[in-house]
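*Asks:* everything below, folded, please.
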Amino acid sequence: MSIDTATGGFGRLPFEIYRRAKIRPFLALALVLSLLLVLPGCSGSDDVSGGKGGGDAKSKTPPVPVSVAVSARKDMPVALEAIGTVEPFATVGIRSQVAGILEKVAFREGDRVKRGELLFSIDRRPFSARFNQAQADLARDSAALGNARKQAERYRPAAEKGYVSEEQADQAQTSVATLTAAVQADEAALENARLDLENCTIRSPITGFTGQLLADRGNLVKAAADQPLVTINQIDPVKVSFSLPEQSVSELKMYLAQGGVEVTATPQDSALPPLTGEFSFMDNAVDQASGTILLKATFANPDQILWPGQFVKVRLRLTTRKNVTVIPTPAVQTGQSGAYVYVISGEMIVEQRPVTVGFTYGDETVIDSGLAAGEEVVTDGQLRLRPGVTIKALQPGGKGDIPDEAEGADKSDSRNSAGTHQ
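*Replies:* Next up, the predicted model:
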């Protein structure tokens, strides 16, 4: 095999091999393909090591856009928080004390009724008749008693003088005692008839809101039935019940002994300001099943902001810690070694620093140690950070200004740093 230098050295070599390899065409084809891949690299005129764009040049990673905040020193309240349930201050199930036909319903479902306001009227005629009969029985027995007393007054002197026997005098005195007891029984029956007649009119015992009406006009109602005619809830004032872990009992009792605690309640997903109430109840035992203790607070509720059955955020303010270091709660991260924050140096480089968290109140967290007032910390964008990374502080509301190239350049860094944060 000869090399044709006139055609470029190896220019005709692949075709010559293919022509002479008729016995093993597949092997020749593989050899041809290998030479086609190698020859262009051998015939190149540029020097890889000395060409343009050498491998020594490194592209710089753009700074990571983050949100920052400055730690400050301020007074912070120490509080306990829980989710509570609104309960009516008083609940009354209205039942009839007499049996009869329901003649009138003087309210509509859900109405606010005042104490003493008419609710129901029951047919009075049978009870009026019993009242009149009791009056007549009392009048009859009272007249008989008067006559018996007169006879007893006549028989006693006559018996002393011997005009009548002692037995007749005793019978007259016995008749007085018997009729006296009958009169007393008639008076009791008359009073009972009067009460039944009064109970035909049912009035509200409290001021509150009525619930669902369970008996309409024309129904026969029973005395002291199992099911009430209607239920009334008093919601001004109102109670809020909530539970706290048993670990908080000692601390709560200590501050209660020092003069009480401030309790506030805020309806969930509400922009209204919190309502301030008064701590009113602590259960006498811890629930062993849940490890919590039941507590209650009372709130004035003239505008009916709180409603029975509603969930509210309850906060017990125990005391106030003076001059503590505070940062936004999103700045605090949790890793395998505990809590830490990303602190920004003067050259916009982040440092991962462990901190000791005191407590959280609202959207702020107290840092007991590890951070000084006036230091800048990262509050958003920590997922793409690691110690030594350069950052770019965004203005408030500037999340939309994050460059696309920065996002793409830092995707691999964020995956690596995400494992560090866990």
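
*Asks:* now do the helices in the protein.
*Replies:* Listed in chain order, the helices of the chain (DSSP state H) span 13-20, 25-42, 125-161, 166-199, 249-257, 404-409, 411-421.

*Asks:* now do the fifth one: which elements does it pack against?
*Replies:* This points to helix 249-257. Contacts defined by 3 or more CB pairs under 8 Å, 6 or more residues apart in numbering; DSSP states H and E place helix 249-257 against strand 275-282, strand 311-328. (Glycine included, C-beta is placed from N, CA and C.)

*Asks:* pull the distance from it to the chain's centre.
*Replies:* Computed by CA atoms, centre = their mean, to the nearest Å, the separation of helix 249-257 from the middle of its chain amounts to 23 Å.

*Asks:* how much space between E103 and G116?
*Replies:* Per CB to CB, to the nearest Å, E103 is found 19 Å from G116.

*Asks:* which one of those two is surrounded by more residues?
*Replies:* Neighbour count, other CB atoms under 10 Å: between E103 and G116, E103 has more, with 14 against 10.

*Asks:* ok so, going back, okay, the helices and strands packed on helix 249-257 in TSV with mean neighbour count next?
*Replies:* TSV is the format used below for the helices and strands packed on helix 249-257 (neighbours: other CB atoms under 10 Å):
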stretch	mean neighbour count
strand 275-282	16
strand 311-328	18
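
*Asks:* off-centre distance for stretch 99-114?
*Replies:* Using CA atoms, centre = their mean, the offset of stretch 99-114 from its chain centre is 34 Å.

*Asks:* show me what it is in contact with.
*Replies:* Here stretch 99-114 makes contact (CB atoms under 8 Å, 6 or more residues apart in numbering) with 117-123, 126-127, 200, 204, 207-213, 215-223, 229-230, 232.

*Asks:* reformat the helices and strands packed on helix 249-257 as TSV; add mean pLDDT.
*Replies:* Converted to TSV, these look like this (pLDDT from 0 to 100):
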stretch	mean pLDDT
strand 275-282	94
strand 311-328	92
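
*Asks:* wait, which of those is closest to G374?
*Replies:* G374 lies closest, by CB to CB, to one member of those: strand 311-328, at 9.5 Å.

*Asks:* quick check: neighbours of the closest one in the sheet, parallel or antiparallel?
*Replies:* The strands beside strand 311-328 in its sheet (DSSP bridges) come out as strand 72-94 (antiparallel), strand 262-267 (antiparallel), strand 364-369 (antiparallel).

*Asks:* between the ones you listed, which one is closest to A159.
*Replies:* Closest to A159 of those, according to CB to CB: strand 72-94, at 60.4 Å.

*Asks:* may I see the buried residues of that closest one?
*Replies:* Of the residues in strand 72-94, 76, 78-80, 82, 84, 86-90, 92, 94 count as buried by neighbour count, 16 or more other CB atoms under 10 Å.

*Asks:* list the contacts of T210.
*Replies:* Contacts for T210 were tallied using CB under 8 Å, 6+ apart; they are 107-113, 119, 230-232.
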